[in-house]
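S.K.: Mind looking at a prediction? Sequence and model below.
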Number of protein chains: 2
Amino acid sequence: MTDSIKHVAITGGTHGNELTGVHLVKHWQSHPIEVKRSSFSTELHLTNPKANKEVRRYIDQDLNRQFNIHDLNNNELAGYEQQRAKSLNKLLGPKENPRVDFVIDMHTTTANMGMSLIFNTDDPLLVGMAFYIKQHMPHAALFYNPSERLEDNFLTSMGRLNGFLIEVGPIAQGLLNYQVYSETQKAVLHALDYLELKNTGQALDLPTQMPGYKFTQKTPLPENERGEISAMVHPNLQDKDYHAIHPGDPLFITLAGETIVYEGESTVYGAFINEAAYYDQHIGLSFMEKIDITLRDSNL
Amino acid sequence: MTDSIKHVAITGGTHGNELTGVHLVKHWQSHPIEVKRSSFSTELHLTNPKANKEVRRYIDQDLNRQFNIHDLNNNELAGYEQQRAKSLNKLLGPKENPRVDFVIDMHTTTANMGMSLIFNTDDPLLVGMAFYIKQHMPHAALFYNPSERLEDNFLTSMGRLNGFLIEVGPIAQGLLNYQVYSETQKAVLHALDYLELKNTGQALDLPTQMPGYKFTQKTPLPENERGEISAMVHPNLQDKDYHAIHPGDPLFITLAGETIVYEGESTVYGAFINEAAYYDQHIGLSFMEKIDITLRDSNL
């Protein structure tokens, strides 16, 4: 196969306070057999050690927004994570022609998103991986967020074929939860199994279509006249990631207890509802649309 | 009454990433009528503004461990929170003879502790307040952690009669959840109502005994030979705060999936199970004993 995968990177701790990926990398470093497959090499990386040591999302900038080609090539961007991105560009890249075929980056969220598989392209290898994992973990949500690989600023875009972000929640920052840990572990191992099956030409029996969600926009938290957060996620919406939000449904509730409703005209679906990491930007949730995702025939 | 309450301080943001108390203080600053009572003054304080701005538990030291009399009088302790404690000693104290009669400090936890009322003395005024709130919020847990006021290092010990810590969870750090916010709000308002009733000599009809828990010890997370966390809270124990832990019950599970059991000889009860803020000290949970708490007759 011309597109065969030779080098896969599994990364954790890109956000330093998301401990699940950090401890999975440490576990696999001492149990490498679990991630070893015959047809490709698997490498393990802790991508943001300083932020991880301080149990903070980042030191200077969100590392997972530093990987677009212009920023990687801009030497004036010299913050800690901007430098980390350049180091990772050397380690995994260069972005224009990466050494690594595929990056699987492990994240967690305070939102009730369960097992969410986030991918940025409709390439059949990526979509097939999402479908394969969902076949084995039917509760997984497929989260499609299309982007152009060189312009994409996520770490996953460092893979030659773009990559795969595994986002599991709800879990608070700065701790471990066995359910989240073992779910993430299972999803990564399914991803490696899938690549092994693809590489070795095995039959996969994947459906041609599966339901999923496509990111549309981020929705801000209400602010007062001083620019401070003046409302929070409405209790009817809390933990309702991937549920429908109809026009007139409650979105937020003010500190004084007044409900603020969704004033859009079409039904949307929520994700990243009440994600702590988005409070600095006063973002309350993401809106998604429900879509059918198609697996193109990679042999055509 | 010789013990009548004249000045009550309600404090929030002592841990800068626990946003519930911060936003309740802001809410009450713009709606002061809610916390106004006829027989005493209520003051509102954000106690750790710099940590709050950075959405971190603390800048240099945990502020809620800085209030013992020796540390307050030790001018060599000059970290940010050590200085904040000295400022609060001037504002609310001095500790030896405080201006403020009572401090109600609002906290949150990542543990599933629901509405927990933490108090450090068997003084009938404190115990009566806990009983009064539990009468109105029967799901509240009474958490007795006896200490000597001058030696106590919690902010609540800055009140003349010692004080009251309201701890609500589960909630991740760095975000708001309306249920946690409104529960905390209700508990504080019940506390103020209680003080008003006591001050004005109203009949309270409190029971003489209620069930509760007494702190016994903190229990460490397992570590590997390099001193790193090697296990997490067992899924059977996660979210089971205030449930019984019997000898042989699972406590932890290693990164490789091996269960570690409780090897003590007597039944204990868990609290602060998987509290993110205790990971830096590698603490997994607190052990408690179940007790009956007695309300002494304050007129004897």
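M.R.: Ah, there it is. Numbering: from 1, shown residues only, chains lettered A, B, ... in the order given.
S.K.: any idea what sits nearest the most centrally placed residue in chain A, other than its immediate chain neighbours?
M.R.: Residue closest to the mean C-alpha point of chain A, counted by Cα atoms, centre = their mean, is residue A:165 at 3.4 Å. Excluding the flanking residues, the one nearest residue A:165 by Cβ to Cβ, 6 or more residues apart in numbering or on different chains is residue A:118, at 4.1 Å. Any C-beta I mention is one placed from the backbone N, CA and C, and that applies to glycine too.
S.K.: got the CA coordinates for the helix or strand that contains that neighbour in PDB?
M.R.: Element membership of residue A:118, judged by DSSP states H and E, is strand A:114-119. Taking C-alpha atoms only, strand A:114-119 is exported to PDB below (Å, rounded to 0.1, in the frame of the first residue of the first chain):
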ATOM      1  CA  GLY A 114     -17.900  10.800  27.100                       C
ATOM      2  CA  MET A 115     -15.600   9.200  24.500                       C
ATOM      3  CA  SER A 116     -15.300  11.800  21.700                       C
ATOM      4  CA  LEU A 117     -13.200  11.100  18.600                       C
ATOM      5  CA  ILE A 118     -12.100  14.400  17.000                       C
ATOM      6  CA  PHE A 119     -10.700  14.400  13.500                       C
END
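S.K.: got a list of contacts for that strand?
M.R.: When contacts are defined by Cβ atoms under 8 Å, 6 or more residues apart in numbering or on different chains, strand A:114-119 is touched by residues A:109, A:126-127, A:129-130, A:133-134, A:137, A:139-145, A:156, A:162-169, A:183, A:187, A:241-242, A:271.
S.K.: same thing but at 7 Å, please
M.R.: For strand A:114-119, contacts defined as Cβ atoms under 7 Å, 6 or more residues apart in numbering or on different chains pick out A:126, A:130, A:133, A:137, A:139-145, A:164-168, A:183, A:187.
S.K.: returning to that earlier point: identify the bridge partners of the residue nearest to the centre of chain A.
M.R.: Per DSSP bridges, residues listed as beta-bridge partners of residue A:165: residue A:105, residue A:118.
S.K.: tell me the contacts of it?
M.R.: Residue A:165 touches A:105, A:107, A:118, A:154, A:156, counting by Cβ under 7 Å, 6+ apart.
S.K.: if I've got this straight, the second one is in a strand?
M.R.: Yes - applying DSSP: H, G, I helix; E, B strand; the rest coil, one finds residue A:107 inside a strand.
S.K.: how close does it get to residue A:168?
M.R.: Counting by Cβ to Cβ, to the nearest Å, the gap from residue A:107 to residue A:168 is 7 Å.
S.K.: repeat for the first one
M.R.: Shown here: residue A:105 relative to residue A:168, a distance of 12 Å by Cβ to Cβ.
S.K.: Please tell me how far the nearest residue to residue A:229 once chain neighbours are set aside sits from residue B:195.
M.R.: Excluding the flanking residues, the one nearest residue A:229 by Cβ to Cβ, 6+ apart is residue A:221, at 5.1 Å. Taking Cβ to Cβ as the measure, residue A:221 and residue B:195 are separated by 34 Å.
S.K.: I'd like the next helix or strand past the strand holding residue A:118.
M.R.: Once strand A:114-119 ends, the next helix or strand along the chain (criterion: DSSP H and E) is helix A:124-136.
S.K.: Restricting to C-alpha, output the helix or strand just after that following helix in CSV.
M.R.: Heading C-terminal from helix A:124-136, the first helix or strand you meet, by DSSP H and E, is strand A:141-144. In CSV, the C-alpha atoms belonging to strand A:141-144 read as follows (Å, rounded to 0.1, in the frame of the first residue of the first chain):
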residue,chain,number,x,y,z
ALA,A,141,-19.2,10.3,19.5
LEU,A,142,-17.7,11.2,16.1
PHE,A,143,-16.7,14.9,16.1
TYR,A,144,-15.7,16.2,12.7
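S.K.: Not counting strand A:141-144 itself, show me its contacts.
M.R.: Under the contact criterion Cβ under 7 Å, 6+ apart, strand A:141-144 has outside partners A:113-119, A:130, A:134, A:210, A:212-214, A:242, A:271, A:291, A:293.
S.K.: Ends of stretch A:29-47, what's the gap?
M.R.: Across stretch A:29-47, the straight-line distance between its terminal residues is 14 Å, by Cα to Cα, to the nearest Å.
S.K.: do the same with stretch A:264-276
M.R.: This stretch, stretch A:264-276, spans 24 Å end to end (Cα to Cα).
S.K.: What residues sit buried inside that stretch?
M.R.: For stretch A:264-276, burial by neighbour count (16 or more other Cβ atoms under 10 Å in any protein chain shown) applies to A:268-276.
S.K.: Helix or strand: which one has residue A:87?
M.R.: Counting by DSSP H and E, the secondary-structure element that holds residue A:87 is helix A:80-92.
S.K.: picking up where we left off before, next, count neighbours for the residue nearest to residue A:229.
M.R.: Other residues near residue A:221 number 22, with proximity taken as other Cβ atoms under 10 Å in any protein chain shown.
S.K.: Which pLDDT value goes with it?
M.R.: On the pLDDT scale, residue A:221 is placed at 97.
S.K.: shaky segments in chain A?
M.R.: Residues of chain A that meet the criterion pLDDT under 70 lie in A:1-3, A:298-300.
S.K.: quick one, strands of it?
M.R.: A:7-12, A:41-46, A:102-108, A:114-119, A:141-144, A:164-169, A:209-220, A:231-233, A:244-245, A:250-254, A:259-261, A:268-271, A:283-294 (DSSP state E).
S.K.: Pipe those strands into CSV and attach distance to residue B:94 per row.
M.R.: CSV is the format used below for the strands of chain A (distance: least, Cβ to Cβ, whole Å):
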stretch, distance to residue B:94
strand A:7-12, 49
strand A:41-46, 48
strand A:102-108, 45
strand A:114-119, 52
strand A:141-144, 56
strand A:164-169, 46
strand A:209-220, 45
strand A:231-233, 37
strand A:244-245, 53
strand A:250-254, 39
strand A:259-261, 45
strand A:268-271, 50
strand A:283-294, 43
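S.K.: hey, which of those strands is tucked in deepest?
M.R.: Ranked by mean neighbour count under mean count of other Cβ atoms under 10 Å in any protein chain shown, those are led by strand A:102-108, which reaches a mean of 27.
S.K.: so what secondary structure elements neighbour it?
M.R.: Taking 3 or more Cβ pairs under 7 Å, 6 or more residues apart in numbering or on different chains; DSSP states H and E as the contact definition, the neighbouring helices and strands of strand A:102-108 are strand A:7-12, helix A:19-30, strand A:164-169, helix A:178-199.
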